[in-house]
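Trainee: Need the 3D shape of this:
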Amino acid sequence: TKTEGLYDGSKFQVLVQDQSSTFNAKYCDQGKVATVNYTGKLVSDGTVFDSTEAKGAPFQFVLGQAEVIECWDEGFKKVPIGQKATLECPATMAYGDIMKPGIPENSDLVFDVELISCDKDELADLDVAEIRQMAAQ
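Mentor: So this is what the prediction gives:
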């Protein structure tokens, strides 16, 4: 299933690989912790610049909290939990004119992703004093 999105004037695409199971699919909501596997590549030449496989562990982030690039915050909302997809990210929704290791400025990126799970952010409801107390233990 191909889904196009528009975010702040930039188009991005989400291509879900297994279309048969999207009918009753569950999706990750903003504020939930997404656990993902990914491989990031440059659109220009296909060079892999990052992957969870190379790091040996999935990556976690809170959806919709600007912890990741805009394309991920918007794109993962359209990926069913447990599914694989491809996120096509224009430079304006990735790193823009900022160079990152292995990523030239103004690079369009493509990510092969898997949304493994989506869970409640256990820290979201704690206040600062509770978090400090937990950290001190």
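
Trainee: going forward, measure contacts and count neighbours with C-alpha atoms only.
Mentor: Fine.

Trainee: does the residue nearest the centre of the chain sit in a helix or strand, and which one?
Mentor: By CA atoms, centre = their mean, the chain has its centre lying nearest to residue 72, at 3.4 Å. Take DSSP states H and E as the rule and residue 72 turns out to sit in helix 70-75.

Trainee: Using PDB, write out every CA atom in the next helix-or-strand element following that helix.
Mentor: The first helix or strand that comes after helix 70-75 along the chain, using DSSP H and E, is strand 84-89. Extracted in PDB, the C-alpha atoms of strand 84-89 (Å, rounded to 0.1, in the frame of the first residue of the first chain):
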ATOM      1  CA  LYS A  84       7.600  -3.600   7.300                       C
ATOM      2  CA  ALA A  85       7.600  -0.500   5.100                       C
ATOM      3  CA  THR A  86       9.700   1.900   3.100                       C
ATOM      4  CA  LEU A  87       9.800   5.600   4.100                       C
ATOM      5  CA  GLU A  88      10.800   7.900   1.300                       C
ATOM      6  CA  CYS A  89      12.000  11.100   3.000                       C
END
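
Trainee: Okay, and the beta partners of residue 88?
Mentor: Going by DSSP bridges, residue 88 is paired in beta bridges with residue 13, residue 110.

Trainee: Pull up the per-residue confidence for it.
Mentor: Residue 88 is assigned a predicted lDDT (pLDDT) of 92.

Trainee: helices and strands of this protein: which one has the lowest mean pLDDT?
Mentor: strand 2-7 (a mean of 53; mean pLDDT, DSSP states H and E).

Trainee: so how far does stretch 81-97 reach from one end to the other?
Mentor: Stretch 81-97 has an end-to-end distance of 32 Å (CA to CA, to the nearest Å).

Trainee: before we move on, the earlier item: now do the residue nearest to the centre of the chain against residue 111, distance only.
Mentor: Applying CA to CA, the value for residue 72 to residue 111 is 9 Å.
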